[in-house]
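> Have a look at this fold, sequence not included:
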DNA sequence: CATCTTATGCTCACGGAGAGTATAAATGGC
DNA sequence: GCCATTTATACTCTCCGTGAGCATAAGATG
């Protein structure tokens, strides 16, 4: 290799590759978080990057809109990686995948498309802690993680493994950290507890509940969820998922759906109001149980007014 | 376009492209933040992605190590974008750039390489607020931004533009937000105050001080600095830039160099200690002015112990 | 010894955030 | 019509993180 770090490749043969765009499209309907899938829920929507696209962002945007019939409000790049084994050649990556996170609403997606919405907790059942930790974590998962930790070669390695399990899954009386979606997925992969880990070796066993996806799509999905869970805490992105008018409880339910855990109602309202993220429409919610709630709309002005505007989560510890 | 969002491109002609890897390599020496540059400081080191690379990350890592003679401790993907006009064809992007942020130490880079270190505030003089806001912001920049805001078509657009200026540059008694590096760069670009904005139209004028770079490299650099300034607040990445032993003041100076603003000394120490990020080596710093300081080293254990470990910045408001 | 510089310990006050209590306003069953 | 239930909304209380400042210690230098 040339000693001078310059664009050395320009003078020799250039390795040409292809680029794919992969989308994690999220919606929340009635407190149920959804993601757009194709192929019967086994893959994320993806398509090739073409020369007609002016840029990656506009390429994906145009492309998604053609698929779903709805303009994407929010679109954010997630991660880029080189795929191996996708084009058959297992050694060298000849294809690059650029993944994006997009936020929409389910009702805005046109009918008659092959893509459909799937529940995101179908793919990550261990991520939903709204009713407390799912029982299978303690019953089924924890013993398997313990066994995996024990199977390490040396004693310090065993401790290190278990520490990692405890941190990512909130075991040993540690707090549950909802942002570690990707770390948990990767841990389960390494421990061989999900089907993706055992591909090719004959026994594609699924120890832990949760639907797998083709290729590394579930990993991309985990990346998207992690990003979104982190982002709702310091940017008002939840509103991209809400209808134009909503009650504060509906807003709270959406946040809880994304975060996978409950928030303290009064504190949540305090935060939303003191940040002036919403304004009253004047109308009240109809067909409700209990005392009717005021309807609110998002104040788009805050996006311009502030450099950072969050939707901090007043998380309950109980 | 096919209605079904599937890998439609697989069945037709595939648009092949090339991929470049671009690196933002950062070091801090004696409180001076540096970045690695090539071509006399006018470009970031970059090289083509080749089939021999097993993955993007390892590709860049091997590649940088060959250039600098030093293994990179920390490497993180920044952003991917499609380049236009680079291959001559201005319309369609045929090349993709994948940028990375890497952290090293200057003294660890081997000699005899064409790449060399440049001060990062040479490229972003408006970002260094360690001695208060640079005078040229008030004297030179603010009037130009005001003029640019005024030049908008409508009155609300003018107000919107000025609001954006005020937020990003902390004008009108707003607080300076050191994380908005990219937003500031893009604003200066839009306002036509930096050479990059006026390329091709004959007069490549530079209203504001600061060295330009070829292509969009200064934008990539801005992306890297923004990411780093944000990251030091919740991940202990500063230690990647420190020698194995250091005093707390040296650590503080490095943080200040990155953040571009001063921190409260006592509070900084309190944070570092209560987070148990460092441990005493037992030795004291030699050849110092004033009372000698204890030497510390980074406790690598914290990376495993905690999911999140920050180096929060106790920023002074004065 | 006086002074300068840096290191280090301690206190104080404010505000944000978690958590709980209390009250209001609607619906539906009996 | 009354009561249970559900949701909305208003307050309060307390703890602790954090910004800020004061005070003292420990070295060098003249």
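Structure received. Bear in mind that the values here come from a model prediction, so they are computed numbers and not experimental data.
> can you give me the helices for the stretch 1-150 of chain A?
Taking DSSP state H, counting those that start in this stretch as the test, the helices found in the stretch 1-150 of chain A are A:56-68, A:135-136, A:142-150.
> To residue B:72, which of the ones you listed lies closest?
Across the helices of the stretch 1-150 of chain A, residue B:72 has its closest neighbour in helix A:56-68 (25.8 Å, C-beta to C-beta). In this view, the C-beta of every residue, glycine as well, is placed from N, C-alpha and C.
> helices and strands around the closest one, which ones?
strand A:18-29, strand A:74-83, strand A:95-103, strand B:74-83 (3 or more C-beta pairs under 8 Å, 6 or more residues apart in numbering or on different chains; DSSP states H and E).
> Indicate the residue of chain A located nearest to DNA strand D.
Evaluated by C-beta to the nearest atom of the strand, chain A has residue A:290 as its residue closest to DNA strand D, separated by 2.4 Å.
> what stretches of the stretch 51-200 of chain A score poorly on pLDDT?
Scanning the stretch 51-200 of chain A for pLDDT under 70 picks out the ranges A:51-53, A:83-93, A:108-113.
> Quick check: the gap between the residue of it found nearest DNA strand C and residue B:238.
At 10.5 Å from DNA strand C, residue A:175 is the closest residue in the stretch 51-200 of chain A, using C-beta to the nearest atom of the strand. Here residue A:175 is placed at a distance of 25 Å from residue B:238 (C-beta to C-beta, to the nearest Å).
> the more surrounded of those two?
A direct count of neighbours by other C-beta atoms under 10 Å in any protein chain shown for residue A:175 and residue B:238 places residue B:238 higher, at 24 against 10.
> give the contact list for that one.
For residue B:238, the contacting residues are B:232, B:251, B:254-255, B:258, B:311, by C-beta atoms under 8 Å, 6 or more residues apart in numbering or on different chains.
> Within range of DNA strand D, give me the residues from the stretch 151-300 of chain A.
Near DNA strand D, the residues belonging to the stretch 151-300 of chain A are A:247-249, A:265-266, A:269-270, A:285, A:288-294 when assessed by C-beta under 7 Å from any atom of the strand.
> go with 6 Å
By C-beta under 6 Å from any atom of the strand, the residues of the stretch 151-300 of chain A that approach DNA strand D are A:247-249, A:265-266, A:289-291, A:293-294.
> So which of the residues you listed sit within strands?
residue A:294 (DSSP state E).
> Nearest to residue A:169 among the residues of the stretch 151-300 of chain A next to DNA strand D?
For those, the minimum distance to residue A:169 (C-beta to C-beta) is 27.0 Å, reached by residue A:265.
> Wait, the closest one touches residue A:255, no?
No. Using C-beta atoms under 8 Å, residue A:265 and residue A:255 do not qualify as a contacting pair, with a distance of 11.2 Å.
> Which one's more surrounded, the two?
A side-by-side neighbour count of residue A:265 and residue A:255, using other C-beta under 10 Å, places residue A:255 first with 25 against 13.
> Could you say which helix or strand holds that one?
Counting by DSSP states H and E, the element that carries residue A:255 is helix A:248-259.
> Do that helix and DNA strand C come into contact?
No. Helix A:248-259 is not in contact with DNA strand C by C-beta under 6 Å from any atom of the strand; minimum separation 11.6 Å.
> how about that helix: buried residues?
In terms of neighbour count (16 or more other C-beta atoms under 10 Å in any protein chain shown), helix A:248-259 has its buried residues at A:248-259.
> and if you look at stretch A:129-140?
Of the residues in stretch A:129-140, A:129-130, A:133-134, A:137, A:140 count as buried by neighbour count, 16+ other C-beta under 10 Å.
> same question, stretch A:165-181
A:165-171, A:176-181.
> Any residue of it touching chain B?
Yes. For a cut-off given as C-beta under 8 Å from any C-beta of the partner chain, stretch A:165-181 has contacts with chain B, namely A:167-168, A:177, A:180.
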